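J.: Quick one, fold the following:
(2 chains)
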2 protein chains.
Amino acid sequence: MSKPLILVTNDDGIVAPGIRALVEVAIQFGEVVVVAPDSPQSGKGHAITIHDPLRLKHVRVFPGVEAWECSGTPVDCVKLAKHVVLKDRKIDLCLSGINHGSNASINIIYSGTLSAAMEASLEGVKSIGLSLLDYSFEADFEPGKPWISRIIRYALNNNFPHGKLLNVNIPKGSVSSIKGIRVCRQANARWVEEFMEGRDPNNQPYYWLTGKFINEDHATDTDVWALENGYISVVPSMHDLTDYAAVESMRDLNQRLT
Amino acid sequence: MSKPLILVTNDDGIVAPGIRALVEVAIQFGEVVVVAPDSPQSGKGHAITIHDPLRLKHVRVFPGVEAWECSGTPVDCVKLAKHVVLKDRKIDLCLSGINHGSNASINIIYSGTLSAAMEASLEGVKSIGLSLLDYSFEADFEPGKPWISRIIRYALNNNFPHGKLLNVNIPKGSVSSIKGIRVCRQANARWVEEFMEGRDPNNQPYYWLTGKFINEDHATDTDVWALENGYISVVPSMHDLTDYAAVESMRDLNQRLT
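T.: Now for the predicted structure:
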């Protein structure tokens, strides 16, 4: 049996410590190819680049690992990896991260890290987005590594349904503080925005996005609960946004609006 | 009772004919405020602008309607509309579009139009993304207008569950060719990418995204089916990406990976 082919990407950029930590774990399991953004792409969600050409550059960043930096978004990286870099070779697993900062709950929608993982899952590739709850560039990724190894081993040895992926978040803390894994649902939390208003050197107004994360979902089966209680959260996620309950309850519109 | 407050945005930019058509319908139902991108933002998904300041400019584009153009993404527009332009006044309805081109099926994930609508729904605002299956700048939005009126009237007079929105797509064609409305689910279709490869004036390689939409989901309860058969598709959609079936089937990981 040939070695599994593992694609690694992220949204913090190819020089971020998080992707280095992920590559260090991944190379224990197979052939690793990295295609990641050449600049930070946090908050890019599922953006793709339509109106501009993309650049792809072979770089030596990780010892013994093929790596390419890309001028586009995380989703662009996955598309270029599959169709240009890997020329449609079968990818056995896509790993995106390790993100510097949480992608629990509603963050999955804004996150370039998770959107890259979802793009791979749309291509039929098993896919995992990984994040550490520490925004610092000096974040310590070591305590999470043994857990990431277990999750990668599980992913390589088990089928995922098509179009589905795992959203994995790791609490900040020491090896001994991580209690285990919780398979859970996305908490129903949200961001409450504020804008910092200012004036530029030409005295023109600007607005700069800021905000705080508010969780009013206090159930114990959520990712936010798991993380607050020392567990690694694993949320099986998907790309079908249909609200099936509402499809049923609203079906009478077919007649009512005619 | 005061007039409903209706926020209108899009991703094709504030001068696109599609948003003009939508404003013309919306002003029949209430006070309309437009906050839309100052440049085309197709394919921006749920991207937000974190690392740069945003600009907001009062413009006269629609007769008798307050309008602002914004330098950011469609999701930025909604955040700025709510917190800066409208200073947290209660918005009764958000309309995003009319997009030039389909946002059926998996396009909901890439679409700035639908992401803007979803952002409003996350803020607890009833929200509708609208698209016409015609990419042309000269697209004819007239045949869809009476249907959009009916959908707006329904939305203003009925509760939506929090965090949910309607993804409305309108087939291209004459008034008589539109057969009615179908409440349906997102078809399980996808894009198959190809990259146009070329050389720039400095002989450096570039890659330009292209692709085709492939639907292998031939069921009759999908948005793609509805549109192909002359109906307007209405997909109730949501922001919870949790795969609940997989949460159940994978729960044994809590023990297995410890």
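J.: does chain B sit close to the worst-scoring helix or strand of chain A on mean pLDDT?
T.: Least confident helix or strand, chain A: helix A:253-256 with a mean of 84, by mean pLDDT, DSSP states H and E. Yes: against chain B, helix A:253-256 shows contacts by C-beta under 8 Å from any C-beta of the partner chain at A:Leu253, A:Asn254, A:Arg256. The way it works is simple: take the backbone N, C-alpha and C, and place the C-beta from them, glycine included.
J.: same question, stretch A:26-45
T.: Yes: counting by C-beta under 8 Å from any C-beta, chain B has neighbours in stretch A:26-45: A:Pro40, A:Ser42, A:Gly43, A:Lys44, A:Gly45.
J.: end to end, how far does that stretch reach?
T.: 24 Å (C-alpha to C-alpha, to the nearest Å).
J.: which of the residues of stretch A:26-45 next to chain B lies closest to chain B?
T.: Closest approach to chain B among the residues of stretch A:26-45 next to chain B (C-beta to the nearest C-beta): A:Gly45, at 3.3 Å.
J.: right, and the helix or strand after the longest helix along chain A?
T.: Using DSSP state H to define each element, chain A has its longest helix at helix A:145-157. Past helix A:145-157, heading to the C-terminal end, the next element that is a helix or strand (DSSP states H and E) is strand A:164-170.
J.: Could you list every helix and strand that that next one packs against?
T.: For strand A:164-170, the elements it packs on are helix A:112-122, strand A:127-132, helix A:145-157, helix A:223-228, strand A:231-238, judged by 3 or more C-beta pairs under 8 Å, 6 or more residues apart in numbering or on different chains; DSSP states H and E.
J.: Output the last one as PDB, nothing but the C-alphas.
T.: C-alpha atoms of strand A:231-238 as PDB (Å, rounded to 0.1, in the frame of the first residue of the first chain):
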ATOM      1  CA  TYR A 231     -12.000  19.000  26.000                       C
ATOM      2  CA  ILE A 232     -11.000  19.100  22.400                       C
ATOM      3  CA  SER A 233     -14.200  19.700  20.400                       C
ATOM      4  CA  VAL A 234     -14.900  17.700  17.200                       C
ATOM      5  CA  VAL A 235     -17.900  19.000  15.200                       C
ATOM      6  CA  PRO A 236     -18.800  16.900  12.200                       C
ATOM      7  CA  SER A 237     -19.800  19.600   9.700                       C
ATOM      8  CA  MET A 238     -21.300  19.800   6.200                       C
END
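J.: Sort out which residues of that strand are buried, please.
T.: Using 16 or more other C-beta atoms under 10 Å in any protein chain shown as the test for burial, strand A:231-238 gives A:Tyr231, A:Ile232, A:Ser233, A:Val234, A:Val235, A:Pro236, A:Ser237, A:Met238.
J.: list the contacts for A:Arg60?
T.: A:Ala67 (C-beta atoms under 8 Å, 6 or more residues apart in numbering or on different chains).
J.: ok, 7 Å please
T.: Contact analysis of A:Arg60 by C-beta atoms under 7 Å, 6 or more residues apart in numbering or on different chains lists nothing.
J.: Out of the residues of stretch A:26-45 next to chain B, grab the one that's most surrounded.
T.: A:Lys44 (29 neighbours; other C-beta atoms under 10 Å in any protein chain shown).
J.: secondary structure class for it?
T.: coil (DSSP: H, G, I helix; E, B strand; the rest coil).
J.: Pull the number of nearby residues for the closest residue to it other than its chain neighbours.
T.: With sequence-adjacent residues excluded and distances taken as C-beta to C-beta, 6 or more residues apart in numbering or on different chains, A:Lys44 is closest to A:Gly112, at 4.0 Å. A:Gly112 is flanked by 31 other residues according to other C-beta under 10 Å.
J.: repeat for the one 3 residues further on
T.: Taking other C-beta under 10 Å as the criterion, the count of residues near A:Ser115 is 30.
J.: I'd assumed A:Ser42 was in contact with it.
T.: No: using C-beta atoms under 7 Å, A:Ser115 is not in contact with A:Ser42, being 11.1 Å away.
J.: and the buried residues of strand A:231-238 near chain B, which?
T.: When contact is defined as C-beta under 7 Å from any C-beta of the partner chain, the buried residues of strand A:231-238 meet chain B at A:Val234, A:Val235, A:Pro236, A:Ser237, A:Met238.
J.: How about the stretch 51-200 of chain A: which residue is closest to chain B?
T.: Taking C-beta to the nearest C-beta, chain B has its nearest neighbour within the stretch 51-200 of chain A at A:Pro53, 3.6 Å off.
J.: That residue: how many residues sit nearby?
T.: For A:Pro53, using other C-beta under 10 Å, the count is 18.
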